[in-house]
Structure formats: C-alpha cells, structure tokens
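below is the sequence, then the predicted model.
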Amino acid sequence: MGTVGNEAKKRTPYKGTSSKAILHQYDFLGDFYRLTLGPELVFSYGMWEEGDTLDSAQVRKLDHHAEAARAVGADRVLDIGCGYGSLLRRLVETHHVAHAVGITMSPAQAAWARDQHWPGCEVRVENWFDHEPGGPYDAIIAIEVIEHCAGNTMWRTQRVARYREFFERCHSWLRPAGRLSVQANAWNERGWLASLVLPPQQLAPDRSGGTREGLGLKDILGGVKNVREGLHASRKVYPECFLPTRDELIEASRGLFGIVEERSDPDDGVATVRSWLEKAEANRVRGAELIGESAVSDIIREQKTALRFLREGRFTVVRMVFEKL
C-alpha cells in the first residue's frame with residue numbers, strides 16, 4: 001500500500017501552494033487583513049503618485065493592468081488569484097468587459113465576492129492548474145500570484161520549470177496575440193540568497209567591473225538575521241511561497257510570449273506596506289480578538305521586515321506585460 005501511495009504521489013503534478021496553506025494565508029489571517037486593506041480589499045501593492053491614498057493607489061493599479069493587458073472592452077478576461085474580486089468589478093463596471101472570470105483557492109474570498117452579485121463577474125474556487133475555461137480569453141491578469149507557483153524549492157531549474165507550466169497554461173487559454181499582465185514580488189537580480197545575505201551596498205549592480213568589498217562580521221550577522229526573518233515569514237504568514245526573479249520569469253516565458261513592457265517599482269511596495277502597517281498597528285486589539293495576538297504579531301513582524309527589505313533593495317515590485325506569440 002505504501003509503495004502504491006508513493007508512486008501515485010510521484011505521478012501527481014505539482015500544483016503550487018496547497019489548499020491548506022491558502023486557507024491559512026487568506027481565510028484565517030484574512031479576518032485581520034480585511035481591517036487593513038482599505039475599502040477596495042486589494043491584497044497587493046498599489047501604484048502610487050503624489051497625494052494618493054491607499055484606495056486611489058489601488059484603483060490606479062487595477063486600471064494599469066486592465067489597460068496593459070488590453071482588456072478594455074474585451075469579451076472575456078481572466079483574473080488569476082482574484083482575491084475579493086475588486087479587479088473583476090472594475091473590469092466590468094469601468095472597462096466594459098462583458099465577462100470577467102476570477103479564480104481563487106480561498107473559499108472565504110470567493111464567498112465574499114459572490115455575495116456582491118456584480119453583473120458579468122464569475123468567481124470560481126479552484127487552482128489555476130485545474131482551470132478549464134469555457135472559451136478563449138482576450139486577456140489574462142495575474143497580480144502577485146506567481147509567488148504561489150514554485151513552493152519553497154531553492155533550486156532555480158525547478159522554479160523555472162514550474163513558472164513555465166504557468167505560462168504554458170496562460171498561453172493555451174489566450175486568443176492569438178492576447179496579453180498577460182503580471183505583477184509580482186521579485187528578488188533582487190542577484191538571486192534569492194544574495195538578496196538575503198548581502199549588505200544593501202552590494203546589492204546594486206556593479207557596472208565598474210571592479211572587485212566588491214568582502215563581508216565583515218556586521219554584514220554576516222545581518223545576513224543571518226535576514227534569513228531568520230525570511231524563514232519566519234515563510235512559516236507563519238506565507239507558507240509554501242517563493243519569490244521569483246525577473247530573469248526567471250523571462251526564461252520561463254521564452255518562446256511562448258514576447259515581453260511588451262517591464263518595470264520595477266519598489267517605491268510602490270514601500271508606500272503600500274507602510275500604509276498596511278499603520279492600519280495593522282491601529283487595529284491590533286481588534287485583530288487579536290479575531291485571530292489571536294500571536295498571529296497579529298507575526299503579520300506585523302513580517303510587514304516590518306518587508307518594508308526594510310524593499311527599502312534596502314532586497315526585493316522589488318515587478319510589473320511585466322507579455323504578448324502571446
């Protein structure tokens with residue numbers, strides 16, 4: 001029996017973050033996150049300009065992806081990782097999309113979105129891996145979902161293969177020349193390990209060709225602290241998640257998509273996390289009533305670490321637009 005079970009396990013393809021991990025991140029912790037996300041209930045980085053509020057920055061981000069994917073006026077658009085459905089609603093009500101389909105693995109998010117009864121919006125509880133569309137899509141938008149595709153693997157080749165599977169699925173679902181607009185947390189271009197352990201001054205690209213300075217004791221201790229904070233976040237807040245690099249996404253999409261646009265917006269991450277953190281601190285007592293003080297402390301600790309990592313250039317916010325070849 002054990003042998004048969006092991007063989008079946010080997011045959012089962014990897015489908016990204018498990019349902020158990022999603023329930024922890026978005027259903028259990030989500031009770032607290034809803035106190036911090038703002039009225040649009042968007043759990044991803046906004047797109048900020050001077051004078052913005054969290055709400056206006058989030059709306060600008062939604063509009064950016066709709067326009068970048070050429071979803072405006074489209075018949076069918078897919079939102080992978082639709083969360084509470086804010087993009088679906090925006091696509092239909094503002095951008096005149098006839099039918100917006102959203103998929104999420106979070107039953108709580110899907111239930112909330114369905115209860116809004118937005119016309120033209122369909123929300124499914126399913127893994128992207130299992131998605132079977134009723135017809136081709138004109139555009140696909142995937143905002144901060146690629147982080148759920150590779151699990152915790154440290155091996156680059158395995159991560160790229162899993163991202164490749166994601167791009168292959170998207171390619172098969174799109175009409176000819178259809179676009180995929182992606183937003184993701186992404187490690188510094190030097191890779192995940194260097195992003196964690198190197199001091200900030202060594203993370204910037206060195207165009208001089210000279211030799212970089214060695215690491216001192218303070219740098220080494222700082223790297224150990226960063227690894228510890230990363231492990232805490234992966235255990236307590238974002239289990240089974242891993243950030244890609246820009247180059248990994250480019251490699252995984254090669255031959256399937258051409259890259260129309262790419263940008264790095266770390267300041268958008270800083271402004272968003274800062275806003276979430278302020279709201280988290282302000283709602284700490286109510287949050288403890290909902291999910292417990294320990295879980296609230298875990299979230300606030302992770303957000304403080306994310307804010308520091310963004311400011312130090314350890315990871316960034318990448319936005320990329322792909323066009324089907």
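Yep, that arrived.

give the next helix or strand downstream of the least confident helix or strand in the chain by mean pLDDT.
When the helices and strands of the chain are scored by mean pLDDT, DSSP states H and E, helix 2-11 comes last with a mean of 39. Moving toward the C-terminus from helix 2-11, the next helix or strand (DSSP states H and E) is helix 19-22.

contact partners of that next one?
M105, S106, N127, H148, P239, E240, C241 (CB atoms under 8 Å, 6 or more residues apart in numbering). In short, each C-beta sits where N, CA and C put it, glycine included.

right, and the helix or strand after it?
Per DSSP H and E, the first helix or strand lying C-terminal to helix 19-22 is helix 30-33.

what helices or strands is that next one leaning on?
Packing partners of helix 30-33 (3 or more CB pairs under 8 Å, 6 or more residues apart in numbering; DSSP states H and E): helix 284-291, helix 293-311.

mind checking the longest strand of this structure?
Looking across the chain with DSSP state E, the single longest strand is strand 174-187.

and after that strand, which helix or strand comes next?
Next in line after strand 174-187, if elements are assigned by DSSP H and E, sits helix 192-197.

need the mean per-residue confidence for that next one.
For helix 192-197, mean pLDDT rounds to 94.

quick one: that helix to chain centroid distance?
Distance of helix 192-197 from the chain centroid (CA atoms, centre = their mean, to the nearest Å) equals 19 Å.

again, but for stretch 230-242
Centroid displacement of stretch 230-242 relative to its chain, using CA atoms, centre = their mean, is 13 Å.

using CSV, write out every CA atom in that stretch.
Extracted in CSV, the C-alpha atoms of stretch 230-242 (Å, rounded to 0.1, in the frame of the first residue of the first chain):
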residue,chain,number,x,y,z
GLY,A,230,12.6,35.1,5.9
LEU,A,231,12.0,31.8,7.5
HIS,A,232,9.6,33.3,10.0
ALA,A,233,7.5,34.8,7.2
SER,A,234,7.5,31.5,5.2
ARG,A,235,6.4,29.5,8.3
LYS,A,236,3.9,31.9,9.9
VAL,A,237,2.5,34.2,7.2
TYR,A,238,3.2,32.9,3.7
PRO,A,239,3.8,29.2,3.8
GLU,A,240,4.7,27.5,0.5
CYS,A,241,5.6,30.7,-1.3
PHE,A,242,8.7,31.8,-3.0
